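[1] Structural data only, the sequence is not supplied:
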């Protein structure tokens, strides 16, 4: 399983996933119980590759990811990523490794914090192509 984490600084989980250029991708396909998490791949998207702008007309660097972790995302983004085979999970946890450890252990992630941009995204999503 691959998990992508939206990040602004390669160290914390960030919001507005549809416009986030930096992603940490954890490949857990070889992960065994008790092992430390593998080092994530760092992916930096171009503007054209940002999910907010991507036209779905070809492969994408986040293809193959099954779970996306972010602190906020609009409904259109969640629907869009579901069509591409990824479930979006929103959380108030800021530490990527801690969030993934909790997911792997079957624990509930902390609720996301209030983010005004999420409300603005929901309004925009009413008129979105997604």
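    Perfect, I can see it now. All values reported here derive from a predicted model rather than from experimental measurement.
[2] Next one, pLDDT for the residue nearest in space to the middle of the chain please.
    The centroid of the chain falls nearest to residue 68 when counting by CA atoms, centre = their mean (3.1 Å). As predicted, residue 68 sits at a pLDDT of 97.
[3] again, but for residue 119
    Listed pLDDT for residue 119 reads 60.
[4] Check residue 33 too.
    pLDDT, residue 33: 72.
[5] And for residue 53?
    Model confidence at residue 53 (pLDDT) stands at 78.
[6] Would you confirm that it contacts residue 47?
    Yes. The criterion here is CB atoms under 8 Å, and residue 53 meets it with residue 47 at 6.2 Å. For the C-beta atoms, the positions are set from N, CA and C on the backbone; glycine is no exception.
[7] so the residue nearest to the centre of the chain, which of the three states?
    Classification of residue 68 using DSSP: H, G, I helix; E, B strand; the rest coil returns strand.
[8] quick one: contacts for it?
    By CB atoms under 8 Å, 6 or more residues apart in numbering, the residues touching residue 68 are 3, 4, 5, 6, 17, 62, 81, 86, 87, 88, 89.
[9] do residue 87 as well
    Neighbour list for residue 87: 66, 67, 68, 81 [criterion: CB under 8 Å, 6+ apart].
[10] Tell me which residue lies farthest from the centre of this structure.
    Relative to the centre of the chain, and counting by CA atoms, centre = their mean, the farthest-placed residue is residue 34 at 24.3 Å.
[11] Assumed that one was part of a helix.
    No. Read with three-state DSSP, residue 34 is coil and lies in no helix.
[12] Run the chain-centre distance for stretch 60-74.
    Computed by CA atoms, centre = their mean, to the nearest Å, the chain-centroid distance of stretch 60-74 equals 3 Å.
[13] Show me which parts of the strand or helix carrying residue 77 are buried, residue by residue.
    Secondary-structure assignment from DSSP states H and E places residue 77 in helix 75-83. Residues of helix 75-83 classed as buried: 75, 76, 77, 78, 80, 81 (neighbour count, 16 or more other CB atoms under 10 Å).
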